[in-house]
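Novice: Pasting a predicted model and its sequence here:
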Amino acid sequence: MKIKKHLYILLILVSTLASSQIKFEAKVSKTKLGINERLRIDFEMNQDGDNFNPPDFTGFTVVGGPNQSVSNSWINGKRSFKKTYTYFLAPKKRGSFTISQAAISINNETYKTTPIKIQVTAAVDIPKDPNDPSYLASQNIHLVAEISKSNPYLNEAITVVYKLYVSPRIQVDNWNEIDTPRFNDFWSQNINTQGQKVQNGKYNGEDYRFLVLRKTVLYPQKIGKLNIEPLTLDISMRVPTKRRDIFGSLLMTRVNKTVSAGNKTINVKPLPGVGKPVDFTGAVGDFSLHVLSSKTELDASESLQIKVNVKGSGNLKLFKLPKISLPSSLEVYEPEHNEDVKTNLSGMQGSMSDSYTVVPQFKGKYPIPSISFSYFDLETETYKRLSSDEIIINVLNGPSNSSSSTENNAVSSRNKQVVVLNSDQFAFIKTKTNFLDIKPKYFFKTNMFWGLLLLPFLAIPLAIFVRKKKANRAADVYGNRIRKADKLARRYLSSAKKSLGKKEAFYIALEKALHNYLKAKLHIETSDLSKDKINNLLNKKGVEDHVINEFGSILESCELARYTPIDIVTMQEDYDKAAKTISLIDKQAR
């Protein structure tokens with residue numbers, strides 16, 4: 001009986017120890033998600049702990065959390081405890097990432113979670129939810145990639161224009177590119193879109209405003225189906241809610257939304273094989289060929305320039321120019337390549353040229369043979385060949401070439417002239433020279449010698465004075481804070497100052513500068529920039545109430561100024577007020 005009793009007690013102890021085993025683990029909502037999705041991660045423990053230390057979330061932005069929840073229940077006399085820290089993450093870019101270990105202290109022991117691997121892919125379709133503000137934002141903002149041609153030839157220019165369509169019902173505060181297309185199978189050239197203005201247009205039959213964000217010219221370098229990767233943006237916006245203020249106007253809520261232009265596929269056709277010239281090097285477009293010589297008459301050992309120029313529109317940088325063929329009696333140097341090419345929405349336009357330096361060694365007449373150039377014409381969809389005219393170079397004076405005529409074979413060796421090649425035949429006349437004094441000069445006991453000897457001793461009082469000045473300046477804590485604050489205000493407001501006189505651009509830049517300053521000063525994200533939270537954080541840092549109110553009034557002025565006429569004097573006043581307020585916050589904040 002005693003043995004059975006002891007066994008029973010032992011089983012109870014084992015059961016109690018097993019039930020009290022400490023668990024601390026990380027759980028994610030998914031291990032594979034699109035760049036436009038959100039990831040939830042829970043850090044759960046079955047006993048209460050202290051000093052929770054989350055991972056650094058490399059590759060992600062924390063858009064929510066930490067949210068803490070505690071569950072404590074008794075079931076059949078058995079206690080169940082669970083404490084959870086929850087974070088919501090937004091991926092910054094595509095790729096494979098590892099969420100490292102979180103740590104917590106329970107009963108003076110440190111416990112860590114297991115690292116979790118997360119795969120971030122391109123943007124995916126998100127299920128519809130009409131009651132979700134994020135879904136409402138997605139229905140009123142669209143990023144569109146417009147492709148000029150979906151079935152081009154190899155090396156034919158196509159254009160991709162990215163437009164952001166925004167419904168009048170929402171307002172966009174800011175956006176950032178988080179995934180840029182790489183165009184791996186294309187030669188690409190971005191076209192400058194700075195200074196683009198918001199335009200009115202239609203999207204799916206409805207009135208929208210749109211802005212051209214990016215223009216890119218592409219030349220496909222492979223045939224078949226090629227994928228154009230999407231442009232993805234992270235956009236901060238305000239969307240209407242179902243609530244209204246006391247004046248009956250709809251209240252707005254801030255939403256961060258990731259939008260994508262989506263993948264696009266084009267089918268690239270190969271160039272026709274029928275009729276393709278043997279000397280075809282891949283030129284596609286419309287071109288002209290010119291071969292020019294700087295001289296047609298000269299003496300031996302003089303130089304001339306022969307220029308091969310191809311001009312027109314097409315893939316100018318993607319093919320080779322034809323080479324010239326010259327007689328062996330002409331000395332030819334490596335050509336100098338020049339390009340004068342501009343790229344716009346219709347593709348590359350301009351000219352390319354090779355300039356050859358030619359030096360004849362003997363007198364006589366030398367023909368420069370005709371050269372040809374072939375290209376594929378997109379309008380007629382046929383190959384065309386261009387040919388240059390033959391050029392005759394007449395060398396008037398110089399030694400005769402014995403191998404060029406039979407007459408020279410009959411001339412005695414005493415009448416033959418030996419050609420001597422000089423390595424300095426292109427040397428220029430020197431315009432400067434260095435003269436050396438016949439009598440040597442000694443450095444010892446000269447004025448420079450005594451000056452350099454005494455210079456360190458003369459520099460000691462100056463160094464003491466400078467050091468004293470620096471010490472006084474470093475001791476001036478209040479003055480340093482003022483100088484630092486004024487410098488910080490000028491740095492953040494530099495972009496707004498450049499836009500003075502342009503109402504919309506100025507106030508957008510001013511508002512963005514104020515937001516960026518708050519994010520840097522208060523260490524908060526764009527999604528947390530609410531008026532109440534800003535006021536609370538500034539209060540905690542010791543900023544005076546009238547300064548906080550002044551900062552809030554500037555932000556309100558930025559919003560109202562977009563819809564009211566403003567002159568440059570008012571803009572200057574708002575700029576000065578913003579600079580003064582930023583300086584005051586930086587001086588007062590602890």
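Specialist: Yes, it's here. These numbers come from a predicted model, not from an experiment.
Novice: Specify the beta-bridge partners of the closest residue to residue 384 other than its chain neighbours.
Specialist: Closest residue to residue 384 apart from its sequence neighbours, by CB to CB, 6 or more residues apart in numbering: residue 377 at 5.1 Å. (Glycine included, C-beta is placed from N, CA and C.) Assessed by DSSP bridges, residue 377 has beta-bridge partners residue 382.
Novice: what separates residue 377 from residue 156, distance-wise?
Specialist: Counting by CB to CB, to the nearest Å, the separation of residue 377 from residue 156 is 11 Å.
Novice: Look at these two and report which has more neighbours.
Specialist: Neighbour count, other CB atoms under 10 Å: between residue 377 and residue 156, residue 156 has more, with 21 against 15.
Novice: Quick check: the gap between that one and residue 221.
Specialist: Taking CB to CB, one finds residue 156 at 11 Å from residue 221.
Novice: can you check residue 548 too?
Specialist: Distance, residue 548 to residue 221, by CB to CB: 57 Å.
Novice: And the two? Which one has more around it.
Specialist: Between residue 548 and residue 221, residue 548 has the larger neighbour count (other CB under 10 Å), namely 21 against 17.
Novice: Validate this expectation: that one resides in a helix.
Specialist: Yes. Per DSSP: H, G, I helix; E, B strand; the rest coil, residue 548 lies within a helix segment.
Novice: residue boundaries of the strands in the stretch 151-300 of the chain?
Specialist: Secondary structure of the stretch 151-300 of the chain (DSSP state E, counting those that start in this stretch): strands located at 158-166, 171-179, 186-191, 199-203, 206-220, 224-228, 232-244, 250-260, 264-268, 285-293, 297-298.
Novice: Let me see the contact set for the residue lying closest to residue 375 once chain neighbours are set aside.
Specialist: For residue 375, ignoring the flanking residues on the chain, the nearest one in space by CB to CB, 6+ apart is residue 283 at 3.7 Å. By CB atoms under 8 Å, 6 or more residues apart in numbering, the residues touching residue 283 are 310, 314, 315, 319, 373, 374, 375, 376.
Novice: In a markdown table, list these along with secondary structure, distance to residue 69 and neighbour count.
Specialist: Output for the contacts of residue 283, formatted as a markdown table (DSSP: H, G, I helix; E, B strand; the rest coil; distance: CB to CB, whole Å; neighbours: other CB atoms under 10 Å):
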| residue | secondary structure | distance to residue 69 | neighbour count |
| --- | --- | --- | --- |
| 310 | strand | 71 | 22 |
| 314 | strand | 64 | 24 |
| 315 | coil | 61 | 21 |
| 319 | coil | 66 | 20 |
| 373 | strand | 75 | 23 |
| 374 | strand | 73 | 21 |
| 375 | strand | 70 | 24 |
| 376 | strand | 67 | 26 |
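Novice: Including pLDDT and distance to residue 343, could those go into TSV?
Specialist: Listed next are the contacts of residue 283 as TSV, based on pLDDT from 0 to 100; distance: CB to CB, whole Å:
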residue	pLDDT	distance to residue 343
310	95	16
314	94	11
315	93	11
319	92	16
373	94	22
374	95	23
375	95	18
376	95	20
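Novice: out of these, who's nearest residue 399?
Specialist: Nearest to residue 399 among the contacts of residue 283 is residue 373, at 35.6 Å by CB to CB.
Novice: who's the closest one bridged to?
Specialist: Beta bridges link residue 373 to residue 386, judged by DSSP bridges.
Novice: wait, it sits on residue 287?
Specialist: Yes. The pair residue 373 and residue 287 passes the contact test of CB atoms under 8 Å, sitting 7.3 Å apart.
Novice: so what sits against both of the two?
Specialist: Common neighbours of residue 373 and residue 287, using CB under 8 Å, 6+ apart, are 310, 386.
Novice: tally of neighbours for residue 117?
Specialist: 11.
Novice: what's the answer for residue 38, then?
Specialist: 19.
Novice: Residue 59 versus that one, what's the distance?
Specialist: Residue 38 is 14 Å from residue 59, by CB to CB.
Novice: quick one: residue 460 is in a helix?
Specialist: Yes. In this structure, residue 460 lies within a helix as judged by three-state DSSP.
Novice: OK, contacts around it?
Specialist: By CB under 8 Å, 6+ apart, residue 460 has no neighbours at all.
Novice: quick one, helices of the stretch 1-150 of the chain?
Specialist: Counting by DSSP state H, counting those that start in this stretch, the stretch 1-150 of the chain has helices at residues 2-19, 133-138.
Novice: Select from these the stretch with the lowest mean pLDDT.
Specialist: Mean pLDDT is lowest for helix 2-19 among the helices of the stretch 1-150 of the chain, at a mean of 49.
Novice: Checking my notes, residue 587 in a strand, right?
Specialist: No. Looking at residue 587 with three-state DSSP, it is helix, so not inside a strand.
Novice: what's the spacing between it and residue 514?
Specialist: Residue 587 is 17 Å from residue 514, by CB to CB.
Novice: ok, now residue 35?
Specialist: 29 Å.
Novice: Next: residue 264.
Specialist: Look at residue 264 and residue 514: by CB to CB, they are 38 Å apart.
Novice: Who has more neighbours out of these two?
Specialist: Per other CB under 10 Å, whichever of residue 264 and residue 514 has more neighbours is residue 514, with 22 against 16.
Novice: Look at that one and tell me its secondary structure.
Specialist: Secondary structure of residue 514, per three-state DSSP, is helix.
Novice: you'd agree residue 551 is up against residue 583?
Specialist: No. Using CB under 8 Å, residue 551 is not in contact with residue 583, being 11.5 Å away.
Novice: I'd like to know how many residues surround residue 499.
Specialist: Residue 499 has 17 neighbouring residues, counting by other CB under 10 Å.
Novice: My read is that it contacts residue 505, right?
Specialist: Yes. If you go by CB under 8 Å, residue 499 and residue 505 touch, sitting 4.2 Å apart.
Novice: Give the residues shared as contacts by those two.
Specialist: Here residue 499 and residue 505 share no contacting residue, scored by CB under 8 Å, 6+ apart.
Novice: just for the stretch 351-500 of the chain, where's the confidence low?
Specialist: 402-430, 437, 439-440, 475-492 (pLDDT under 70).
Novice: can you give me the strands for it?
Specialist: Using DSSP E, counting those that start in this stretch, the strands of the stretch 351-500 of the chain run over residues 364-368, 372-377, 382-387, 391-395.
Novice: Off-centre distance for the second one?
Specialist: When C-alpha coordinates are averaged (CA atoms, centre = their mean, to the nearest Å), strand 372-377 and its chain have centres 37 Å apart.
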